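S.K.: Fold the following and give me the result.
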Amino acid sequence: MIDVVVPVYGQLHLVAQCLDTLKAQEKIGRIIAVDDCSPPDGTSEYLDIADVTVIRNAENRGFVESVNAGMKLVESEYAVIINSDVAPVDGDSLYTLVKSAYLAEACVAGARLLFMPG
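M.R.: Now for the predicted structure:
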C-alpha cells in the first residue's frame, strides 16, 4: 500500500479533483490532507466530508512543514507527496511510479506532468 500526503491551501476545485482522483487509485492506503490554514473558500469544509485523514495547521506553516506534519502519520512502507493541484490520470499511476522507483533502487521519483484543460 501507498500513503499519500497532500499539502492543501485553498483552491477548492483543484483539491476536490485531486482527492477524488487519488481515491480512484489502486493500492492506496491513507490519503493525508494537510490544511495549511486555508482561506475561507470552502476547502476546509470540503475536507470535513472528503473521507481522508485531515491535519489542520492553526496558522500557515508553509509547504515543507505541512509535508513534514503529514509524513508523521504515514504508516505504509511507501509514501507519495502530491501537490493539491495534481490529479493522477490513470488508476495505477502512483503504484507504477512507486514500483519503478523501487525497481531502480531510487529513494525519490517524479512523474511527468500533463496539463489538464480547465
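
S.K.: got a list of what residue 39 touches?
M.R.: 9, 10 (CB atoms under 8 Å, 6 or more residues apart in numbering). Heads up, the C-betas are built off the backbone N, CA and C, glycines and all.

S.K.: Look at it and give its secondary structure.
M.R.: Secondary structure state of residue 39, per DSSP: H, G, I helix; E, B strand; the rest coil, is coil.

S.K.: Where does pLDDT dip in this structure?
M.R.: Applying pLDDT under 70 to the chain flags the ranges 111-118.

S.K.: would you list every one of the strands in it?
M.R.: With DSSP state E as the criterion, the chain has strands at 2-8, 28-35, 53-56, 78-81.

S.K.: any chance of these in JSON lines, plus distance to residue 20 and mean neighbour count?
M.R.: Listed next are these as JSON lines, based on distance: least, CB to CB, whole Å; neighbours: other CB atoms under 10 Å:
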{"stretch": "strand 2-8", "distance to residue 20": "12", "mean neighbour count": "25"}
{"stretch": "strand 28-35", "distance to residue 20": "10", "mean neighbour count": "21"}
{"stretch": "strand 53-56", "distance to residue 20": "15", "mean neighbour count": "16"}
{"stretch": "strand 78-81", "distance to residue 20": "16", "mean neighbour count": "19"}
